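Q: A predicted structure for the sequence below; I have some questions about it.
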Amino acid sequence: MRTLWTLVMTLLATPFAAFAEEARSKYNMPPGVTAISREVYDLHMLIFYVCCVIGALVFGVMIYSIIKHRRSVHPTPANFHESTTVEILWTIVPFVILVGMAIPAAGTLIKMEDTRNAELSVKVTGYQWKWNYEYMGEGVSFFSTLAADSNKARQLHSGIDPASVPNYLLDVDNPLVLPTNVKIRFLITANDVIHAWWVPDFAIKKDAIPGFVNEIWTRIDQAGTYRGVCAELCGRDHGFMPIVVKAVDPAQFKQWLADQKKAQGVQVASAAPPTGNMAPSAPPSENTPSPPSTNKTEVAAAAAPAAAAPAKMSKDDLIKQGEKVYQANCSACHQANGQGLPPNFPSLVGGKISTGPIDGHIKQVLNGKGLMTPFKHLSDDDIAAVVTYERNSFGNKVGDQASPDQVKSAR
């Protein structure tokens, strides 16, 4: 009989257990992959259960009072005044509960702000609408923007079912690569408006404010890919600047970092590398765009004088490279087909800038205008390429081409 009862209860409980697990994964915060994130999760659940108990007690007393003291049972109301004992109790009990919740919460907050003894520092800068990651002390940096397939699917009348795009609006061209089991400090700021860097699995959510640098840290326990978003309403394309972090083994990270330094032309010193402040760049990807030129320019000054000058690109090469730069930096506002989003982002098809004097075109890309952000962080080659592409694509047949020297003189 007991076995039968156990079986019946198990069959009845299984759907509710499955529902509870599904609800936890869909609607609750994740436990995460760091010690701090798990501590935050445990604290969240503790306070949640405290609130459930308080709610049950309060509503239980209310329901009891409504039923027990309804008019049909007690037509004559009781005649009493305040109770000093009750007044003291409902003052002391909430105070004790709040202190009991505040102590562990304060301890967790203090741990979250302790960025001392970090082994790797990464500067995170928010732009409308992308992220820049710079690995401090390593001369490696890159931009991370919405993945091309998500960007294409989100366009009006694209004809693409968003459900067919893997990780729709939650994927990027260049994820942030970080090592596991290493204390990492993030220096978070912004270039234009207020953003917020939020990765739930790390229990990190920090405002990125122009002119200010906020600090936060993490230590990732498990290798994997973790996703987040900008958590501050930063403008019309706020929903299209996701965050993707790829956590790898420290040995893999070290090799990847060396490859990125080589790809970005960073001169590696012969001395042993420092033990602290390791640094990476964009993750390995076939679609990884050319890294920003800021570091290349700085390194060029210190590079060996025997380094050969880069070959001059042809017009076709400029257009080919310019298409990649455009898709990574411009298509979010001007659309992949160049039609724009008037009135803030005009069409490039036969536009005054894209078909007018080339010097004016270069200056607008460099300096921006209105809601258009400046793109001075791009290299001379990239700006020359994207200007050439815009003037010879989307039905534009200007026929000319920009050169890196023109861009350099316009800066």
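A: Arrived safely, thanks for sending. Residues are numbered from 1 along each chain as shown.
Q: in the protein, which helix or strand is least confident?
A: Here the helix or strand of the chain ranked lowest by mean pLDDT, DSSP states H and E is helix 293-302, holding a mean of 39.
Q: and stretch 396-411, how far from the chain's centre?
A: Mean C-alpha position of stretch 396-411 versus that of the full chain (CA atoms, centre = their mean, to the nearest Å) differs by 33 Å.
Q: repeat for stretch 52-72
A: 46 Å.
Q: Repeat that for stretch 248-264.
A: Its chain's C-alpha centre and that of stretch 248-264 lie 21 Å apart, by CA atoms, centre = their mean.
Q: Low-confidence regions, the stretch 251-400 of the chain specifically.
A: Applying pLDDT under 70 to the stretch 251-400 of the chain picks out residues 267-311, 332, 371.
Q: before we move on, the earlier item: buried ones in the helix or strand that comes right after the least confident helix or strand of the chain?
A: In the C-terminal direction, the helix or strand that comes right after helix 293-302 (DSSP states H and E) is helix 315-329. Judged by neighbour count using 16 or more other CB atoms under 10 Å, the buried positions of helix 315-329 are Leu318, Ile319, Gln321, Gly322, Glu323, Lys324, Val325, Tyr326, Gln327, Ala328, Asn329. All C-beta spots, glycine's among them, are computed from the backbone N, C-alpha and C.
Q: Reformat those as a markdown table; add distance to Ile383.
A: A markdown table is the format used below for these (distance: CB to CB, whole Å):
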| residue | distance to Ile383 |
| --- | --- |
| Leu318 | 11 |
| Ile319 | 14 |
| Gln321 | 11 |
| Gly322 | 9 |
| Glu323 | 14 |
| Lys324 | 13 |
| Val325 | 8 |
| Tyr326 | 11 |
| Gln327 | 15 |
| Ala328 | 13 |
| Asn329 | 10 |
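Q: Nearest to Gln260 among the residues you listed?
A: Of all these, the one sitting nearest Gln260 is Ala328; the distance, using CB to CB, is 17.1 Å.
Q: list the contacts for the closest one?
A: Phe143, Thr145, Ala148, Asp173, Pro289 (CB atoms under 8 Å, 6 or more residues apart in numbering).
Q: The residues you listed in strands, which ones?
A: Using DSSP state E, the members of the contacts of Ala328 that fall within strands are Phe143.
Q: Check the contacts of Ala328 and tell me the two furthest apart.
A: Spatial extent of the contacts of Ala328 (CB to CB) is set by the pair Phe143 and Ala148 at 13.8 Å.
Q: other SSEs contacting the lengthiest helix in the chain?
A: As far as residue count goes, and with DSSP state H defining each element, the longest helix of the chain is helix 35-68. Contact here means 3 or more CB pairs under 8 Å, 6 or more residues apart in numbering; DSSP states H and E; on that basis helix 35-68 packs against helix 84-112.
Q: Pretty sure Arg185 sits against Asn214.
A: No - counting by CB atoms under 8 Å, no contact exists between Arg185 and Asn214, whose distance comes to 11.1 Å.
Q: center of this structure, which residue is that?
A: The centroid of the chain falls nearest to Ile243 when counting by CA atoms, centre = their mean (3.0 Å).
Q: show me the contacts for that residue.
A: Trp131, Ser144, Val172, Leu176, Trp197, Trp198, Val199, Arg227, Gly228, Val229, Cys230.
Q: can you give me phi and psi for it?
A: Main-chain dihedrals, Ile243, degrees, to the nearest 10: phi -120, psi 130.
Q: ok, it to Lys262 distance?
A: Using CB to CB, to the nearest Å, one obtains 26 Å as the distance from Ile243 to Lys262.
Q: Need the pLDDT of the residue in the chain sticking out farthest from the centre.
A: Relative to the mean C-alpha coordinate of the chain, counting by CA atoms, centre = their mean, the farthest residue is Thr76 (63.3 Å). Looking at Thr76, its pLDDT stands at 82.
Q: Please name the bridge partners of the residue nearest to the centre of the chain.
A: For Ile243, the beta-bridge partners under DSSP bridges are Gly228.
Q: hang on, Asn151 packs against Gln327?
A: Yes - with the criterion set as CB under 8 Å, Asn151 and Gln327 qualify as a contacting pair; they are 7.4 Å apart.
Q: between those two, what contacts are shared?
A: Taking CB under 8 Å, 6+ apart as the contact criterion, the residues that touch both Asn151 and Gln327 are Ala336.
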